[in-house]
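Novice: here are the coordinates; sequence isn't available:
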């Protein structure tokens, strides 16, 4: 018997209380599909002659729903269950399809101008949506979620985060530097024209093309493939199952080809791959390495994947949430690892923090971080662990050490503030440092134990509330 999470136990009742409409926000690996099956089952038990439409943006996600429902479908012989992509529903704008229940998985995908038409195509009595990515537009269209599952409530393996740095080749640095100068010059010209109330549409288009060209240099840095090869071989020989993410199909294809050339069985997965790619081979265990693009960021569920490598990436909260989500499912108590290949002196390096589910990993300090089932991010230290987590009682992000400080000194350096609090050291990120320079250690009583109230009072005075 499947053990339900707390949110799954209450999902049906809360949905009914919400007039059988709305959506649920839950992290990857939290059992959204099972939660949806519970709601569908309740609905069809009550309305056995109904039509249920299940929509998602990828057929692979729809297959997961079908696999879950096929084993239960005999309970509702008179019901009709339709599986459709948002693309298909949006193309039937002039038609009207009636559904007793409309299930919208990855509902944030349905907020685009095109896919939003699917909600006009389906004339539904009740609706339930699911997402791990609550983008602002989602709330604008559908209001607030009636259930929001915290990451800490979802058991997951410990995930080590490792940064591996590479250099651009001399010719790549020259090309990138030349483009950067051109971008800065053109941006300045456009800004001046806008200040004068003049249009510069053609130049804005050229600026976008130049920015895209500079990004391609970063994404396709020569050292990425060889570095990825070394990392894959290191992990694969250690018995790990590896998936890689690339920003371009060409890069994923080249990586796969080079691995196969060295007699390392690897598969490819992207939208243009022959016969849909090698995902089934990977899921069946015939190969242990899968080279992919962002196509697999959603709807790919394989608990046995133990290592993920971002060969090239564009970090946004959404992308990172989805990438790390590929590893969040537990597998026989095994720890997992996510490796980022970062090109020095590029935008890769400038992304000094990456927000995931309202938790921030200091990106430039991410080597050897772990993520445990409570949603805590920590570093392994001798005699304990250094935990990074969201300090909810004062609504600030903080580090805690699990050992007592040797002294009660107040320290201010770089981007961090260290003060003793309740027998432990609190390391607090304060981004706008100039506002703190007028405060010195004399402001603090170093002989007392700080409380949350003391800290909050200090922050109010400094004006650095997050």
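Specialist: Received, thanks. Everything numeric in this text was worked out from a predicted model, so none of it was measured.

Novice: all helices of the stretch 1-150 of the chain, in order?
Specialist: Here the stretch 1-150 of the chain has its helices, by DSSP state H, counting those that start in this stretch, at 6-17, 32-46, 59-70, 86-90, 118-121, 136-142.

Novice: now render the ones you listed as TSV, adding distance to residue 178 and mean neighbour count.
Specialist: In short, each C-beta sits where N, CA and C put it, glycine included. Output for the helices of the stretch 1-150 of the chain, formatted as TSV (distance: least, CB to CB, whole Å; neighbours: other CB atoms under 10 Å):
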stretch	distance to residue 178	mean neighbour count
helix 6-17	52	16
helix 32-46	47	19
helix 59-70	42	16
helix 86-90	40	19
helix 118-121	45	21
helix 136-142	36	14
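
Novice: how about these, which one is nearest residue 97?
Specialist: Ranking the helices of the stretch 1-150 of the chain by their distance to residue 97 (criterion: CB to CB) puts helix 118-121 first, at 5.9 Å.

Novice: show residues contacting the closest one.
Specialist: For helix 118-121, the external contacting residues (CB atoms under 8 Å, 6 or more residues apart in numbering) are 55, 86, 89, 90, 92, 93, 95, 96, 97, 102, 104, 110.

Novice: of the residues you listed, just the buried ones, ChimeraX syntax please.
Specialist: Only the buried entries of the contacts of helix 118-121 go into this ChimeraX selection, using 16 or more other CB atoms under 10 Å:
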select :55,86,89,90,97,102,104,110
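
Novice: from the contacts of helix 118-121, which single one is nearest residue 153?
Specialist: Residue 153 lies nearest to residue 104 out of the contacts of helix 118-121, by CB to CB, at 22.8 Å.

Novice: quick one, what contacts residue 20?
Specialist: So residue 20 contacts 43, 125, 126, 127, 128 (CB under 8 Å, 6+ apart).

Novice: now render those as a markdown table, adding pLDDT and distance to residue 293.
Specialist: Shown next, in a markdown table, are the contacts of residue 20 (pLDDT from 0 to 100; distance: CB to CB, whole Å):
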| residue | pLDDT | distance to residue 293 |
| --- | --- | --- |
| 43 | 95 | 36 |
| 125 | 92 | 38 |
| 126 | 95 | 36 |
| 127 | 95 | 31 |
| 128 | 96 | 30 |
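
Novice: what is the helix or strand harbouring residue 267 packed up against?
Specialist: In this assignment (DSSP states H and E), residue 267 forms part of strand 266-269. In this structure, strand 266-269 makes packing contacts with helix 249-261, helix 279-283, strand 289-292, judged by 3 or more CB pairs under 8 Å, 6 or more residues apart in numbering; DSSP states H and E.

Novice: figure out which of these is closest to residue 36.
Specialist: helix 279-283 (21.3 Å).

Novice: follow-up on the earlier one: gap between the strand holding residue 267 and the chain center?
Specialist: Centre-to-centre, strand 266-269 and its host chain are 22 Å apart (CA atoms, centre = their mean, to the nearest Å).

Novice: can you list contacts of that strand?
Specialist: Strand 266-269 has contacts (CB under 8 Å, 6+ apart) with 232, 252-253, 255-256, 259-260, 277-279, 281-282, 287, 289-293, 295-296.

Novice: average pLDDT for it?
Specialist: Taken as a whole, strand 266-269 has a mean pLDDT of 90.

Novice: over to stretch 233-253?
Specialist: pLDDT averaged over stretch 233-253 gives 90.

Novice: can you give me the first-to-last residue distance of that stretch?
Specialist: 17 Å (CA to CA, to the nearest Å).

Novice: can you check stretch 151-164 too?
Specialist: Stretch 151-164: ends 27 Å apart by CA to CA.

Novice: when you give positions from now on, start the count at 36
Specialist: Yes, from this point I'll number from 36; that puts the last item at stretch 186-199.
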